[in-house]
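J.: Kindly return the folded structure for what I paste below:
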Amino acid sequence: MSRNRFFVLVVLLWAMSGFANSARAADSPLSWSQLTVQEQQVLQPYAEQWDDLDPEKQRKLQAGASRWGRMSDEERQEAKQHLERFRELPGVEQERIKKARQWYKELPPDRRQELKEKWRSSTPEDRDGFKGGRYEKKE
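T.: Below is the predicted model of the structure:
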């Protein structure tokens, strides 16, 4: 998979996953006991510091753990591979991906939906255009 396609795939997977559920009120802390047993198992590395985490971070982690629990084994394996590839990228590439993800999250919902549909219906060659920013600005 070319670096361009990987970049776009990572950004879109993150964006479509709803990792940051902004609809939730993130101003009040989430206690460890409010997590399901499955979420607690996934988030075990955070158990000791859970109460010290920012409530927004707690909610994001909970959402990710919940999503992880709903994934098939194949989806989990694919997610692990994407994360490993992301971690192997140079820091500058990681930052670029994070910025693109942030840009995407700030788009109006109808524009995000439009981009998702364009991505799903595009050819691999067309998808390379996402990296170059050709789809970023439509006013």
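J.: Where do the helices of the protein begin and end?
T.: Secondary structure of the chain (DSSP state H): helices at 3-17, 37-42, 55-70, 73-88, 91-105, 109-121, 124-131.
J.: Format these as CSV; extra columns: distance to Pro29, mean pLDDT and mean neighbour count.
T.: Backbone N, C-alpha and C define where each C-beta goes, glycine included. Formatted as CSV, the helices of the chain follow (distance: least, CB to CB, whole Å; pLDDT from 0 to 100; neighbours: other CB atoms under 10 Å):
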stretch, distance to Pro29, mean pLDDT, mean neighbour count
helix 3-17, 23, 61, 17
helix 37-42, 15, 94, 14
helix 55-70, 5, 93, 17
helix 73-88, 27, 93, 11
helix 91-105, 23, 91, 14
helix 109-121, 28, 89, 13
helix 124-131, 37, 73, 15
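J.: Would you reformat those helices as TSV and include distance to Glu48?
T.: Listed next are the helices of the chain as TSV, based on distance: least, CB to CB, whole Å:
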stretch	distance to Glu48
helix 3-17	27
helix 37-42	12
helix 55-70	14
helix 73-88	23
helix 91-105	27
helix 109-121	36
helix 124-131	40
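J.: Quick one: closest of the ones you listed to Asp27.
T.: helix 55-70 (6.2 Å; CB to CB).
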